[in-house]
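> no sequence for this one, just the structure:
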């Protein structure tokens with residue numbers, strides 16, 4: 001059965017569109033120049049609208065809806081005039097909180113998930129390291145038990161929201177066993193002694209999103225900050241990655257459509273050799289081709305989300321969608337640029 005978007009989906013879409021037009025787009029150029037945006041202030045506004053807990057349990061302030069509603073939010077955030085803010089919001093909703101929402105204890109969720117959904121706390125996902133970005137099994141950060149605490153040592157790299165984060169969902173090695181069964185997800189408050197957030201990385205794009213290294217030296221957190229069972233962190237992170245990949249793929253769609261539409265409008269105005277650019281058939285063909293590719297990507301994403309909502313493992317489809325989205329967004333922007 002195909003996914004049917006209801007009036008509730010459309011209502012949520014309108015809410016996000018209004019939020020983007022009013023609270024984000026007027027400030028994007030300044031935030032991109034400054035290399036930062038006021039995360040707590042913006043997340044609080046998003047939290048008030050319920051946009052940070054769409055598919056999170058109602059017991060912790062979420063809406064308790066299925067992932068198709070979160071998909072609509074992510075797609076609509078693609079109307080932002082930059083990639084940085086949707087990415088920062090995506091980290092909060094689809095990367096740092098899914099495992100906590102699914103496997104965290106009641107106490108842990110009250111302490112960290114509830115304020116994240118309300119927009120009172122900014123979250124980061126601390127998995128990547130200089131030695132292991134995509135290769136999660138290769139991470140070196142270690143958490144060893146000491147009494148009722150974990151003592152954590154290591155470092156993380158390319159951590160989104162780090163400069164403003166209140167807590168990190170951190171993956172660390174907690175045992176000597178096989179690399180896929182010796183890791184644990186632990187919530188680490190950013191203000192904990194021994195946590196150092198490094199200088200912001202000066203990036204080519206996504207400039208308003210603060211991306212930093214994180215250093216952990218004898219960082220002590222209670223073992224009750226562990227998400228789920230010890231040693232299950234790799235598996236949980238792989239499940240959490242399903243939402244992260246879907247978020248990444250969905251997030252490209254609206255921006256690509258906007259680029260194509262803006263380019264068509266420009267080609268109607270711009271004249272060369274006594275006629276509008278758009279009258280060159282080759283441009284028609286290219287725009288039609290690009291639009292088709294974007295629509296095919298949307299179909300793949302919608303299918304993956306539909307299966308995800310149905311409880312299926314969508315690792316394969318989500319990975320394909322992320323691969324296609326990442327490549328297509330480069331192709332569309334480059335192809336459109338040629339006509340400007």
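Happy to help now that I have it. All figures in this text were calculated on a predicted structure; none of them were measured in a lab. Numbering: from 1, shown residues only.
> So for the host helix or strand of residue 334, mean pLDDT?
Residue 334 belongs to helix 315-337 when assigned by DSSP states H and E. Taken as a whole, helix 315-337 has a mean pLDDT of 97.
> next one: stretch 86-94
pLDDT averaged over stretch 86-94 gives 98.
> Next, the closest residue to residue 162 other than its chain neighbours: phi, psi?
Once flanking residues are discounted, residue 162 sits nearest to residue 212: 3.9 Å by C-beta to C-beta, 6 or more residues apart in numbering. C-beta here means a position set from N, CA and C on the backbone, and glycine is covered the same way. Torsion angles at residue 212 (phi, psi; degrees, to the nearest 10) stand at phi -140, psi 160.
> Residue 212 pairs with what?
Assessed by DSSP bridges, residue 212 has beta-bridge partners residue 159.
> who's in contact with it?
Neighbouring residues of residue 212 by C-beta atoms under 8 Å, 6 or more residues apart in numbering: 159, 162-163, 197-201.
> what comes up buried for the helix holding residue 334?
317-322, 324-325, 328-329, 332, 335-336 (16 or more other C-beta atoms under 10 Å).
> Show me the contact partners of it.
238, 241-242, 245-246, 248-253, 255-256, 259-260, 262-263, 286, 290, 293-294, 297, 300-301, 303-304, 307-308.
> what about 7 Å?
242, 245-246, 248-249, 252, 256, 259-260, 263, 286, 290, 293-294, 297, 300-301, 303-304, 307 (C-beta atoms under 7 Å, 6 or more residues apart in numbering).
> Next step: those restricted to strands.
Counting by DSSP state E, no part of the contacts of helix 315-337 is found in strands.
> Just the buried subset of those residues, please.
Looks like those have 242, 245-246, 248-249, 252, 256, 259-260, 263, 286, 290, 293-294, 297, 300-301, 304, 307 buried, using 16+ other C-beta under 10 Å.
> Against residue 50, how distant is residue 100?
18 Å (C-beta to C-beta, to the nearest Å).
> more crowded one of those two?
residue 100 (26 against 19; other C-beta atoms under 10 Å).
> isn't that one right up against residue 167?
No. With contact defined as C-beta atoms under 7 Å, residue 100 does not reach residue 167; the gap is 9.5 Å.
> which neighbours do the two share?
In contact with both residue 100 and residue 167: 112, 187, using C-beta under 7 Å, 6+ apart.
> where's residue 144, which helix or strand?
Counting by DSSP H and E, residue 144 is found in strand 142-146.
> How far away from the center of its chain is that strand?
29 Å (C-alpha atoms, centre = their mean, to the nearest Å).
> If we go by neighbour counts, what in that strand is buried?
142-143.
> Which residues does it contact?
Contacts of strand 142-146 (C-beta under 7 Å, 6+ apart): 150-154, 172-174, 184, 186, 223.
> at 10 Å what do you get?
149-154, 170-175, 182-184, 186, 188, 216, 218-221, 223, 225-226, 230, 233 (C-beta atoms under 10 Å, 6 or more residues apart in numbering).
> Return a PyMOL selection command for the buried portion of those.
This is the PyMOL syntax for the buried subset of the contacts of strand 142-146, where burial follows 16+ other C-beta under 10 Å:
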select buried, resi 149+150+151+152+153+154+170+171+172+173+174+182+183+184+186+188+216+219+221+223+225+226+230+233
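> Among the contacts of residue 212, name the buried ones.
For the contacts of residue 212, buried by 16+ other C-beta under 10 Å: 159, 162-163, 197, 200-201.
> check which helix or strand covers residue 172.
strand 167-173.
> where in this structure is pLDDT low?
1-2 (pLDDT under 70).
> Need the outlier residue of it, farthest from its centre.
Distance from the C-alpha centroid of the chain peaks at residue 274, with 46.1 Å (C-alpha atoms, centre = their mean).
> From residue 339, how far off is that one?
Taking C-beta to C-beta, one finds residue 274 at 17 Å from residue 339.
> go on, residue 77?
26 Å.
> C-terminal to the helix or strand containing residue 185, which secondary structure element comes first?
Secondary structure assigned from DSSP H and E places residue 185 in strand 183-189. The helix or strand immediately downstream of strand 183-189 is strand 195-197, counting by DSSP H and E.
> That following strand: partners in the sheet, and parallel or antiparallel?
Applying DSSP bridges, one finds strand 195-197 paired with strand 211-222 (antiparallel).
> Look up phi and psi at residue 74.
phi -60, psi -40.
> hang on, isn't it packed against residue 254?
Yes. Counting by C-beta atoms under 10 Å, residue 254 is a contact partner of residue 74 at 9.2 Å.
> Settle it for me: which of the two has more neighbours?
Between residue 74 and residue 254, counting by other C-beta under 10 Å, residue 74 is the more crowded of the two (28 against 21).
> which non-adjacent residue is nearest the more buried one?
That would be residue 250: by C-beta to C-beta, 6+ apart, it lies 4.5 Å from residue 74.
> Please consider this matter closed, and thank you.
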